[in-house]
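Novice: Turn this into a structure:
(one chain, ligands or ions: 2)
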Amino acid sequence: MKVMIVDDSQENRYLLQSVFRGAGHSADSASNGQEALTALRSGGYDLVVTDILMPVMDGFEFCRRVRTDEKLGSIPLIIYTATYTGPQDEAFSREIGADLFIVKPCDPLVFLESAQKLVSESSEGTITTRPIPTGEQEVYKLYSQRLVRKLEEKNLRLEAEIAARTKTEEALQRSEAKYKRLFENMRDGLVNTDTGGVIQDTSDSFAIMLGFEPGALKGSHIHMYLQGAPEDPERTVIAKQLRSRGFTDVHRAELRRKDGSFLHAEVRTVIVPGEQGESEGVWSIVRDVTDAVNAEEKRKSLELDLYQAQKMETVGRLAGGIAHDFNNLLTVILGYAEMLIGTNTFDDHSREHLGLIHHAALKARDLTRNLLSFSRRKLFNLSPVDVNEVVKDFSRLLERIVGEETEFRLALNPTPLVVLGDRSQLDQVLMNLVVNARDSMTKGGVLTVETGVANRNGSTGLEGDYATIKVSDTGCGMDEETVSHIFEPFFSTKSRDKGTGLGLATTYGIVNQHGGSISVNTKPGHGTSMVVFLPVTNQTISLSEGDTPEGALPDGSATILVMEDDPVVRSLSVQLLRSNGYDVIEASDSHEAVAMCASYEGPLHLILSDLVMPGMSGIEACEEIRKLHPETRVLFMSGYEEEANASRIVGWKPEGFIQKPFTISNLLDKCRQILGHG
Ligand SMILES: Nc1ncnc2c1ncn2[C@@H]1O[C@H](COP(=O)(O)OP(=O)(O)OP(=O)(O)O)[C@@H](O)[C@H]1O
Ligand SMILES: [Mg+2]
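Specialist: Ligands and ions are numbered 1, 2, ... in the order given. Okay, here's the model as predicted:
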């Protein structure tokens, strides 16, 4: 038999054709009713199988046309449908003349059997059930009812689909807006570069981080902002990580801002594949950690400062201790040497030797003094002084020190810089710094001494808390190792006869005692500048008055109590005073002294007392004695001037203080002065 299959789906047509052809039938096909009608008219068809929903002409219309066609009206027709499957659809199909109504999908064998049965029944004329086609109007009514129902269903389905789609779209928009906001408001920077390193996109934060307008970086190359070359070992490691596993470790990078300054960043880079899995270059997340890095550096430098200060403190204490012990020894050496020189019992030769001993002892005394000033145990006479004045007055001498080959420049701050200072000590600071600067320039150069102001954090400016003295040279400079030792006593790179290594140690001590600090800026081969910072004071400069004692006594007619626990120093002092005509009583400790004075009836003019003694201190003993002998005056001696300072705090002031080691003339001068002979 010959079958016509009408279906708009090619697959369906093919399937049915195969079924019929497989059973030895011939099968043609058409994709809509119109096409099928034309083909059918060419004649010879035994069966028509049609779908309902088709473009151009649907199955219902097609079926009606077949049935109302004179020639084709009797061909058996099967409606095979997947869309119109309700009982009303079947009834309608039958009404317009379909012989069979089969719902898709149907088992091919069952289908084939039904089709063959229909064809044979038809040829035998046994189909009696086929209804007479109803009137045109009735058909259209039924037809449109079917159609409207289908359309309504379809409409509802479409509406539901649209609602679902709108919902998805809204969700998508919301999600996109959310990610956009996140992208734009992220504090960390995001940057997308293509595989060649050209920037494709950045978050606003990334552009702002580098000092640009949002969006301004698109199209430029990332290497314009990245410090360091791509072949740097660190960068190579990063590139390797990216290649091998698609992302990098969080690593540090330095980025260059628009203004040329640098930014420390923590970066992680990842490869983000595109929708089809292709490489869209890389995304980097960049976090600005500049503040943290700076804080860390500052902390390290503070730690270093602290370490330096602690080291100097320890060395200072050691130096101070040694100096103190030396002072007693030197007092004895100097004193006896002077006494021997004063006698006539030596020949010229021996005298000369004595002179050498005396001279050496004097040098040793100077050294010990320097050590003491380093160890901050030296008492300074702090009063308001103008740093400008100090530098100006001293500059004539400095100029001579500097020598002819070196150019000496002086730049003074336009306004006075008043600090609480000790002039002679500040002179020494200047001297030490200038001599060092000169020594660094063996072939001449420029030596500059400058005064100025700086604020607390060290930056220079008009308003400041510190007066600065800057000594700079164009000399040899220093490496880091040298700088870390320069303030240590006896550290020197100079030959033994040129430097003792006490210059900067002393300077350090003096500046410290003034509440100031020193900073060093140097580079090997590029000269050095040392800046001394001294806190400014709002006290005004006044002229100090000298104390002149009243009630002078004639020379040598006084009684002096010598109170000293060191027997050698004591007996030296006693001998010295006695040989100069004084009446002397001596005591080796405070208790003995107080006891002696209690029983002594005559006037006691002066006590020469050590400050530190075992048991009761010199100060306390003198206080006791003053109660018994209010007329007495007090001259303290000590290796530590600082202790003399302490004695001033207790509420009464001794008439004098003499620092060990002293020479004979020092001591006699002091006594005379206090007793009013001088
Ligand atoms: N302006 C400078 N340029 C280069 N090196 C310097 C400068 N100032 C100090 N130094 C180095 O610091 C060391 C210590 O200096 P310091 O003044 O304490 O001792 P010194 O000059 O060697 O001896 P002294 O000052 O006791 O005669 C010097 O030996 C030198 O190496
Ligand atoms: Mg020096």
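
Novice: give me the beta-bridge partners of residue 519?
Specialist: residue 531 (DSSP bridges).

Novice: Show me what whichever strand or helix holds residue 361 is packed against.
Specialist: Per DSSP states H and E, residue 361 falls inside helix 348-374. Using 3 or more C-beta pairs under 8 Å, 6 or more residues apart in numbering; DSSP states H and E, the elements in contact with helix 348-374 are helix 290-342, helix 503-513. (Glycine included, C-beta is placed from N, CA and C.)

Novice: Same list (these) but as CSV, adding mean neighbour count, mean pLDDT and distance to ligand 1.
Specialist: Output for these, formatted as CSV (neighbours: other C-beta atoms under 10 Å; pLDDT from 0 to 100; distance: least, C-beta to the nearest ligand atom, whole Å):
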stretch, mean neighbour count, mean pLDDT, distance to ligand 1
helix 290-342, 16, 83, 12
helix 503-513, 24, 87, 2
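
Novice: So which of those is nearest residue 630?
Specialist: Nearest of those to residue 630, taken as C-beta to C-beta: helix 290-342 at 30.0 Å.

Novice: Looking at the protein, which residue is nearest ligand 2?
Specialist: Relative to ligand 2, the nearest point of the chain is residue 503 (2.7 Å; C-beta to the ion).

Novice: residues touching that residue, list them.
Specialist: 432, 435-436 (C-beta atoms under 8 Å, 6 or more residues apart in numbering).

Novice: do residue 431 as well
Specialist: Residue 431 touches 394, 397-398, 401, counting by C-beta under 8 Å, 6+ apart.

Novice: quick one: which of those is most hemmed in?
Specialist: residue 398 (22 neighbours; other C-beta atoms under 10 Å).

Novice: Do you know the pLDDT at the residue nearest to that residue when sequence neighbours are not counted?
Specialist: Nearest non-adjacent residue to residue 398, counting by C-beta to C-beta, 6 or more residues apart in numbering: residue 434, 5.0 Å away. Residue 434 is assigned 92 on the pLDDT scale.

Novice: quick one: secondary structure of residue 434?
Specialist: helix (DSSP: H, G, I helix; E, B strand; the rest coil).

Novice: And the helix or strand containing residue 619, what does it pack against?
Specialist: Assigned by DSSP H and E, residue 619 falls within helix 618-628. In this structure, helix 618-628 makes packing contacts with strand 559-563, helix 590-599, strand 606-610, strand 633-638, helix 641-649, judged by 3+ C-beta pairs under 8 Å, 6+ apart.

Novice: how about the ones you listed, which one is nearest residue 285?
Specialist: helix 641-649 (59.8 Å).

Novice: what is residue 608 paired to in the beta sheet?
Specialist: residue 562, residue 635.

Novice: Quick one: residues contacting the closest residue to residue 83 other than its chain neighbours.
Specialist: Distances taken as C-beta to C-beta, 6+ apart place residue 53 nearest to residue 83, at 4.8 Å, with adjacent residues excluded. For residue 53, the contact set (C-beta under 8 Å, 6+ apart) comprises 8, 59, 81, 83-84.

Novice: same thing with residue 621?
Specialist: 563, 590-591, 593-594, 609, 613.

Novice: So what's the residue count around the residue nearest to residue 398?
Specialist: Count around residue 434 with other C-beta under 10 Å applied: 22.

Novice: One more: the one 5 residues further on?
Specialist: The local packing count at residue 439 equals 16, with neighbours defined by other C-beta under 10 Å.

Novice: Ignoring the adjacent residues along the chain, who's closest to it?
Specialist: Nearest to residue 439 is residue 494, by C-beta to C-beta, 6+ apart, at 6.8 Å.

Novice: hang on, the one you found packs against residue 438?
Specialist: No - with contact defined as C-beta atoms under 8 Å, residue 494 does not reach residue 438; the gap is 11.9 Å.

Novice: neighbour count winner among the two?
Specialist: Legend: neighbour count by other C-beta under 10 Å for residue 494 and residue 438, higher for residue 438 (21 against 12).

Novice: Now the following helix or strand past the helix holding residue 361: buried residues?
Specialist: For helix 348-374, the following helix or strand on the C-terminal side (DSSP H and E) is strand 383-386. By 16 or more other C-beta atoms under 10 Å, the buried positions in strand 383-386 come out as 383, 385-386.

Novice: How about stretch 520-537?
Specialist: 522, 527-537.

Novice: which two from the residues you listed end up farthest apart in space?
Specialist: Largest pairwise distance in those, by C-beta to C-beta, is 31.8 Å, between 527 and 537.

Novice: Compare the contacts of residue 621 and tell me which is most surrounded.
Specialist: residue 563 (29 neighbours).

Novice: list the contacts for the residue nearest to that one when sequence neighbours are not counted?
Specialist: Leaving aside its sequence neighbours, residue 563 sits nearest to residue 609 (C-beta to C-beta, 6+ apart; 4.1 Å). Residue 609 is in contact with 561-564, 593, 618, 621-622, 634-637, counting by C-beta under 8 Å, 6+ apart.

Novice: Go again with 6 Å.
Specialist: Going by C-beta atoms under 6 Å, 6 or more residues apart in numbering, residue 609 touches 563, 618, 622, 636.

Novice: Good, wrapping up.
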